[in-house]
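Trainee: how would this look folded up:
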Amino acid sequence: MEPKKKILFVCIENSNRSQMSQAFAKIHGKDKVEAYSAGSKPSGKINPKAIAAMKELGYDLTQHHSKNLEEVKEFAPFDAVVTMGCGDACPWMPAKKFIDWQIPDPKEMNEDDFRKVRNLIESQVKDLVNQL
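Mentor: Prediction:
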């Protein structure tokens, strides 16, 4: 059996985009992927909007917690590191591939726009899992 591919999703607060990305990688990657997430400046909490948006799809995001990059370093090297919106603030992590997704931070968005970002993330994650 082929070893699982390790993916790290990084955004600024690790409370919305990277958390949902990690969840979708677990959903769509099942036994092909090990997914992690972290923030360059973690907020320490998961956004209730992200929890609600994922609950609509049957995923319990309350089992996740917001963490910094130090907490995931032990799992490096990664097969892919996906950054979202942290630009220069995204520190380097050992990885075979670096990918930057231009996904807007949904933190202040209304529910409908938040769902659109969630769905965009799901689509991107599905594509990534299929590429690995």
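Trainee: packing partners for the helix ranked longest in the chain?
Mentor: Longest helix of the chain, by residue count under DSSP state H: helix 111-131. For helix 111-131, the packing partners by 3 or more C-beta pairs under 8 Å, 6 or more residues apart in numbering; DSSP states H and E come out as helix 17-29, helix 48-55. Where C-beta positions appear, they are placed from N, C-alpha and C, glycine not excepted.
Trainee: which stretches of this structure have low pLDDT?
Mentor: Residue ranges of the chain with pLDDT under 70: 1, 86-91.
Trainee: make it 90
Mentor: Under the criterion pLDDT under 90, the flagged ranges of the chain are 1-3, 12, 31, 40-41, 84-94, 132.
Trainee: just want the most central residue of it.
Mentor: Residue closest to the mean C-alpha point of the chain, counted by C-alpha atoms, centre = their mean, is Ser18 at 2.6 Å.
Trainee: pretty sure that one sits against Ala38.
Mentor: Yes: between Ser18 and Ala38 there is a contact at 6.9 Å, judged by C-beta atoms under 8 Å.
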